[in-house]
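# Sequence isn't available, so here's the structure alone:
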């Protein structure tokens, strides 16, 4: 399951990578249950090969594509990114993938493509959590096209040098390190180029709490908790490792331009 | 046997009430809540606080049934346990969740109204715990009962505290709301009956 010849990048230098056991056993993936250990226990039922992605909407190239045709193994690179969950914990993960822009450009989005919409697999037989609960499945996410084209945005197929474990969003997921973790949609089956801002699952569930942008921002608290600090996992036996949360999760240099002139308190 | 239950059982009952705490402590020290004990224990300690508040609210209606009238001996115990687990919930928030980070705690206090609902419930439980001794009961007389009726307000605050912070999963909030509403509803029904009785006896 390990990849050969992954290109190294300079991202994440100086960061301590979260142990594999931690990042693969403590997950939010409600398709497999609400508990943090549910995905690791239950995601074995997910069939990740073969996997196809439907591309539709405002693009010249649309259709159903096999994952292997979209992401060539030779193009893979490793990026060590900080991951900040909206619940105020964080990790550092060595992802394997390719820039999202490289994939999206292949489909030649038209000038009408102002946003990109993503959808997770909907299959209650494989994803037991989709049989009930208050979420309107499938899980949906969206990005402004310039956000999606930002060089930081990664389409990931692996972590720690190997293919993604099911509980981490296999076989293909987004990684958007400057946004709260829930924006990095997992097990993607649909990409749609659209003209209007799509509604994401969390916007639909609680629009006053989860905005479209969901940028990591210590100045904008979640209505129910502060975002100024975070627990970098793993915590000690008793005391957590509390650190200050950085603007755009520390990726201000790379992404601040995207939001120049925007009131981030309004567009959270 | 009767002598045992009359005099010596209390320490054992205390241990039973402490079992959830000992179990959580043991699991924590064995690393069961790794990698984020604060987050998991916030939820667990909160659940146990709710369980004991529900238990405390159940004692009085149960006592009225003859077979369970011995429960009166443990009413104070159960109430104190509810206070204990609520305090534990607070301590876990301060230590394990926020890591005693003053910045974190301050910004939570400034912005998170649900914390105040929890703090209010905790203050009520504190007042009830302080006034739970026989001495205080005598000193306060009629007011003791009035004061201890604040538990109903605290229960409503707990329900608010629960609903204010649910994310995706509402099951816990639903379960405890149903339990609490039922227990408070019992009071309303029995109060109405009492009222009727007094009206009837007054007209006669």
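Ah, there it is. This structure is a prediction, so every number in the text was calculated from the model and none was measured.
# all helices for chain B, in order.
Counting by DSSP state H, chain B has helices at residues B:2-3, B:10-29, B:37-63, B:75-92, B:102-111, B:113-130, B:134-140, B:142-148, B:150-163, B:171-203.
# ugh, wrong one, chain A
Assigned by DSSP H, the helices in chain A fall at A:20-23, A:38-42, A:67-70, A:100-106, A:145-148, A:201-205, A:252-255.
# Distance to chain B added to these, as JSON lines?
(Glycine included, C-beta is placed from N, CA and C.) Output for those, formatted as JSON lines (distance: least, C-beta to the nearest C-beta, whole Å):
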{"stretch": "helix A:20-23", "distance to chain B": "4"}
{"stretch": "helix A:38-42", "distance to chain B": "11"}
{"stretch": "helix A:67-70", "distance to chain B": "28"}
{"stretch": "helix A:100-106", "distance to chain B": "26"}
{"stretch": "helix A:145-148", "distance to chain B": "24"}
{"stretch": "helix A:201-205", "distance to chain B": "7"}
{"stretch": "helix A:252-255", "distance to chain B": "20"}
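# Quick one: closest of the helices of chain B to chain A.
Evaluated with C-beta to the nearest C-beta, these place helix B:102-111 nearest to chain A, the distance being 3.7 Å.
# Tell me what angle that closest one forms with helix B:113-130.
Between the axis of helix B:102-111 and that of helix B:113-130 there is an angle of 100 degrees, by axes from the mean of the first three to the mean of the last three C-alpha atoms, to 10 degrees.
# list the buried ones in helix B:102-111?
The neighbour-count check on helix B:102-111 (16 or more other C-beta atoms under 10 Å in any protein chain shown) flags B:104, B:105, B:107, B:108, B:111 as buried.
# Could you take the helices of chain A and lay them out as CSV, with extra columns for distance to residue A:176 and mean neighbour count?
Putting those into CSV (distance: least, C-beta to C-beta, whole Å; neighbours: other C-beta atoms under 10 Å in any protein chain shown) gives the following:
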stretch, distance to residue A:176, mean neighbour count
helix A:20-23, 16, 16
helix A:38-42, 19, 20
helix A:67-70, 18, 15
helix A:100-106, 9, 19
helix A:145-148, 8, 18
helix A:201-205, 14, 18
helix A:252-255, 9, 15
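# Just send those helices back as CSV, with distance to residue B:166 and mean pLDDT too.
Compiled in CSV, the helices of chain A are given as follows (distance: least, C-beta to C-beta, whole Å; pLDDT from 0 to 100):
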stretch, distance to residue B:166, mean pLDDT
helix A:20-23, 26, 96
helix A:38-42, 17, 96
helix A:67-70, 35, 94
helix A:100-106, 32, 97
helix A:145-148, 29, 98
helix A:201-205, 10, 94
helix A:252-255, 31, 96
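# Report the lowest-confidence entry in the buried residues of helix B:102-111.
Here the lowest pLDDT out of the buried residues of helix B:102-111 sits on residue B:111, with 79.
# which residues sit in contact with that one?
A:221, A:223, A:226 (C-beta atoms under 8 Å, 6 or more residues apart in numbering or on different chains).
# Mind putting these into TSV with neighbour count, distance to residue B:80 and pLDDT?
Formatted as TSV, those follow (neighbours: other C-beta atoms under 10 Å in any protein chain shown; distance: C-beta to C-beta, whole Å; pLDDT from 0 to 100):
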residue	neighbour count	distance to residue B:80	pLDDT
A:221	17	35	84
A:223	14	34	78
A:226	23	32	84
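# ok, which of those residues also contact chain B?
Filtering the contacts of residue B:111 for proximity to chain B by C-beta under 8 Å from any C-beta of the partner chain leaves A:221, A:223, A:226.
# Show me what the longest strand along chain A pairs with in its sheet, parallel or antiparallel.
Ordering each strand of chain A by length in residues (DSSP state E) puts strand A:89-99 first. Using DSSP bridges, the strands paired with strand A:89-99 are strand A:77-84 (antiparallel), strand A:154-159 (antiparallel), strand A:229-232 (parallel).
# quick one, that strand and helix B:37-63 angle?
130 degrees.
# where do the strands sit along the stretch 151-268 of chain A?
Along the stretch 151-268 of chain A, the stretches classed as strands by DSSP state E, counting those that start in this stretch are A:154-159, A:162-163, A:173-175, A:188-194, A:229-232, A:242-244.
# for the ones next to chain B among the contacts of residue B:111, which one is nearest chain B?
Closest to chain B, out of all of the ones next to chain B among the contacts of residue B:111 and judged by C-beta to the nearest C-beta, is residue A:226, at 3.7 Å.
# Hmm, that closest one is touching residue B:115, no?
No. Using C-beta atoms under 8 Å, residue A:226 is not in contact with residue B:115; the gap is 10.2 Å.
# Now do the shared contacts for these two.
Listed as contacting both residue A:226 and residue B:115 by C-beta under 8 Å, 6+ apart are residue B:108.
# which stretches of the stretch 1-150 of chain A form strands?
Counting by DSSP E, counting those that start in this stretch, the strands of the stretch 1-150 of chain A are A:52-57, A:63-66, A:77-84, A:89-99, A:115-120, A:140-144.
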